[in-house]
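Enquirer: no sequence for this one, just the structure:
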């Protein structure tokens, strides 16, 4: 007997509990299966090998009873608020052999096929959150009801680096058609892992009936009884079977995948193939193809990196390494913001909404103040207009945010953040003015992206309360908040900064006071090396191809987004601080002088086209060096590996995990690369550049060579 | 100008199946408020011509108002049932007659014209909230002998009744109990009870979800020999046993009341018309006698005599207390007009809920007996009270005419 049916280490087993239920209307007896791991909703039902084994045994017993005429239907439902959220992927690191992976896939298929083969009608009553294998269990049933209160239904596998491999890729398109199936299998995961609510899933045709949460189970069983007796006839829209419709749906999804992954993540591409094949594949063929896909992907580095990244974002993000004890944090009951520009406005809105405390904005003159406060009030009105907040809330938030040219309103503030011009003397001046007004324990925070906090605090009477508090643009979207103590910053101020960051719902990372901190330093190195390669003679398209899939967009598109002036400023700051390895592109300098807003323009077909004026400005080397795509990749990645290595040696970041978490949450770097360091390890760059990997084998990669 | 009094009609009544209290009972892991919510939603579903926003009050009774029976249960249950936020609600307590009092209180509101339509009911989850949970009797009760200590133990009050009426023997009580079980079984077989039962999803962490569709407490086929063998826990060699009394139970009930005009306006069927009601206090140590003076008073208010009553629903907290009632009014122990569908001895008595069970039964019986013009629902109440409501049958030829 294969021991892959034994629980993987740490499997919290979800049980399949069976009770008999009398169906109304003479429909007979239903065997109602409850999926329950015995814990409350904070530990949702997850699936592992032990669950598969138990499910198989339960279904076999039900099959016998059905044949004997003892039961007339089978229902499957979950525990309060949770149906099932899929396979527990924390066991994946223990999967070290392809045979293990394939066996898990096959065992799941066998158990689900047994459900499909039961000789009585089967019903899934989706009462709560359902993801991955949880959704697939419901698809294996003949019919589904769903609660209108279900908060999340999804097949998020391709987001992590897998495919819905327990029947989802074959069952779902054959149930709702290829386009709707791909919405769930590809589109939602590619769009920041969006999930469906109950009514949306019902509209897509994933469920045949929907009932309210208050009496969902009783309503569902009553409905099921009607289906069993034939009083209720379930009608579903016909699924188109022609190749053209399927190809068109797959092609549309493929475009999105290419846009989001540049083809660098195998999982969504594999899912597309499976869905395409599902048009004509038999169940056995479809399931076998899924087995192969799961085997390949589970043993692929991209998935392991994806799980590593997921873990960072779910766990490490919530417990920042190196942060002082939260008990030391001081309460923040009023906030001051120096500056009333766009960034300051975004910050004011964030602080008001998340902290619910008064926020005072200041700037140099009345006009600027009015504009800044007006922007925030306008945003609040916009939220009200979209129905995101109610009128009482809008009134409350609007009242929280005020402005003045005087800093006197900061007197009772507990936290003042400056978002003024990025120049040391200006910031020092601002801090001195603020210090004259606030109490000695008020935290003085700076949104600086590159300047030294130690130096910024040096002239103050109480430098220990100064801390860097660096947000990323757009503030409402990017989760990262770099927190940078100066040399003299004390624990209380630092703890207050972390607590405030947490209250703002940001991912906080401790960074050592150093130029451009983590993200902008690495982006600076990345952009610098890339620009150098292009300035030296490699065509931009070749260079783009080389680094595709690393950042969420090609470097010169990123340049346009950030703005050439800012990019140049960052580049020059880093060059001053660290020397020539941070290349300052003359092309970029000229672009800024000519006030160009970016490298690309957008053509009539929506595709980016290099701005001819920029091309004219571009550096034209005497002896152009044209690298191949592979050479560019090696060069750029090596530069990054070198920089990461130095940053770790210098203590800029506590560990490679913080580098990766920062690049994921601050620059949108990709899950399947684990952010950055797993990619560098995977392509052998780390070993080539620094003699050793950043992460141990198996941490974000398949543990090759580890005994099973 | 005196105020106009509106006629109040009973439109519909439902209940959850009743369960046995305790760890092994079917409702052991089910919340009390969820039981009430199931009833309210069923009422709305069964009366689709009633727009939910027309429900102007939700009165829910529970004896022990803490935990899932607290937090102003009537208000919460309304919100949890999906009634609009504009429908208010309140909680009520008169021990065993909680639901009955919810009915009379909201009926009075309707009668006086304050509201047109109300939901009234009760719940008791005696497994989660045993009788007497968190009570703190005032020491003066004992010091001034205001109430005999035996009055706080319901079983002892039943023994006291046997003392007061020695001709009401254990044998008669046991015989009555057997008939209650038999009549309940027959009523199930004839499909009389099921129409007003609301199925409820029951949670069991270690066994999986179930659905309650029938009462758990009945013991069909109970014989006199079975009952004779039972212990008498309230008195050595006494009379009262677990077999000739209602058990400890979980369950909920709810009914829909309306002014006659509103019922007509909304196309709601009137199954009963409220004629009169009365609550009267009696000596707490013989609380079982409560239905007698309460019935006398209600009859007097209605200008009726006991001979005018054609159907009776008497709560069976204890067989002896029913016998005391029948004895007083000269009715035989096995009078067929009394508790046609059996009673609490078989199906159980979740304290505050029972009043509406009696009413739903009577309403069904009215439909089958158009020759009966008046019926009554009556119950004894802990700490010495009785409550009675007299109803008129809309199916009777003389309905609505002067008596």
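Expert: Looks like it came in fine. These figures come from a predicted structure and were not determined experimentally. Numbers count the residues shown, from 1 in each chain, chains lettered A, B, ... in the order given.
Enquirer: going by C-alpha atoms from here, please, whenever you check contacts or count neighbours.
Expert: Fine.
Enquirer: show me the strands in the stretch 151-300 of chain A, by range?
Expert: A:153-154, A:209-211 (DSSP state E, counting those that start in this stretch).
Enquirer: between the ones you listed, which one is closest to chain B.
Expert: Taking CA to the nearest CA, strand A:209-211 is the member of the strands of the stretch 151-300 of chain A nearest to chain B, at 12.7 Å.
Enquirer: which other residues reach that closest one?
Expert: Identification of contacts with strand A:209-211 by CA atoms under 8 Å, 6 or more residues apart in numbering or on different chains yields A:144-148, A:198-199, A:202, A:219-220.
Enquirer: now render these as CSV, adding pLDDT, neighbour count and distance to residue B:152.
Expert: Compiled in CSV, those are given as follows (pLDDT from 0 to 100; neighbours: other CA atoms under 10 Å in any protein chain shown; distance: CA to CA, whole Å):
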residue, pLDDT, neighbour count, distance to residue B:152
A:144, 98, 24, 52
A:145, 98, 27, 50
A:146, 98, 27, 49
A:147, 98, 29, 46
A:148, 98, 22, 47
A:198, 98, 27, 51
A:199, 98, 19, 53
A:202, 98, 19, 55
A:219, 98, 22, 42
A:220, 98, 25, 44
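Enquirer: right, so the strands of the stretch 151-300 of chain A: which one is the most enclosed?
Expert: Among the strands of the stretch 151-300 of chain A, the stretch with the highest mean neighbour count (mean count of other CA atoms under 10 Å in any protein chain shown) is strand A:153-154, at a mean of 26.
Enquirer: counting contacts, what elements does it pack onto?
Expert: Helices and strands touching strand A:153-154, by 3 or more CA pairs under 8 Å, 6 or more residues apart in numbering or on different chains; DSSP states H and E, are strand A:129-131.
Enquirer: quick check: what element follows the strand it packs on along the chain?
Expert: For strand A:129-131, the following helix or strand on the C-terminal side (DSSP states H and E) is helix A:133-140.
Enquirer: check contacts around residue B:90.
Expert: Applying CA under 8 Å, 6+ apart, the residues contacting residue B:90 are B:57-60, B:72-75.
Enquirer: follow-up on the earlier one: got TSV for the strands of the stretch 151-300 of chain A, with mean pLDDT too?
Expert: Listed next are the strands of the stretch 151-300 of chain A as TSV, based on pLDDT from 0 to 100:
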stretch	mean pLDDT
strand A:153-154	98
strand A:209-211	98
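Enquirer: and of these, who's closest to residue A:644?
Expert: strand A:153-154 (35.5 Å; CA to CA).
Enquirer: dump the strands of the stretch 151-300 of chain A to a markdown table, plus distance to residue A:292.
Expert: Converted to a markdown table, the strands of the stretch 151-300 of chain A look like this (distance: least, CA to CA, whole Å):
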| stretch | distance to residue A:292 |
| --- | --- |
| strand A:153-154 | 22 |
| strand A:209-211 | 34 |
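Enquirer: quick one, strands of chain B?
Expert: Under the criterion DSSP state E, strands of chain B are mapped to B:8-15, B:19-20, B:58-61, B:89-92, B:117-125, B:200-202, B:210-212, B:249-259, B:272-281, B:309-314, B:374-381, B:385-392.
Enquirer: now those in JSON lines, with mean pLDDT and distance to residue B:368?
Expert: What follows is these, written out as JSON lines (pLDDT from 0 to 100; distance: least, CA to CA, whole Å):
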{"stretch": "strand B:8-15", "mean pLDDT": "98", "distance to residue B:368": "15"}
{"stretch": "strand B:19-20", "mean pLDDT": "98", "distance to residue B:368": "28"}
{"stretch": "strand B:58-61", "mean pLDDT": "98", "distance to residue B:368": "29"}
{"stretch": "strand B:89-92", "mean pLDDT": "98", "distance to residue B:368": "32"}
{"stretch": "strand B:117-125", "mean pLDDT": "98", "distance to residue B:368": "24"}
{"stretch": "strand B:200-202", "mean pLDDT": "98", "distance to residue B:368": "28"}
{"stretch": "strand B:210-212", "mean pLDDT": "97", "distance to residue B:368": "27"}
{"stretch": "strand B:249-259", "mean pLDDT": "98", "distance to residue B:368": "20"}
{"stretch": "strand B:272-281", "mean pLDDT": "98", "distance to residue B:368": "13"}
{"stretch": "strand B:309-314", "mean pLDDT": "98", "distance to residue B:368": "11"}
{"stretch": "strand B:374-381", "mean pLDDT": "98", "distance to residue B:368": "13"}
{"stretch": "strand B:385-392", "mean pLDDT": "98", "distance to residue B:368": "14"}
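Enquirer: and the gap between residue B:71 and residue B:119?
Expert: From residue B:71 across to residue B:119, the span is 18 Å (CA to CA, to the nearest Å).
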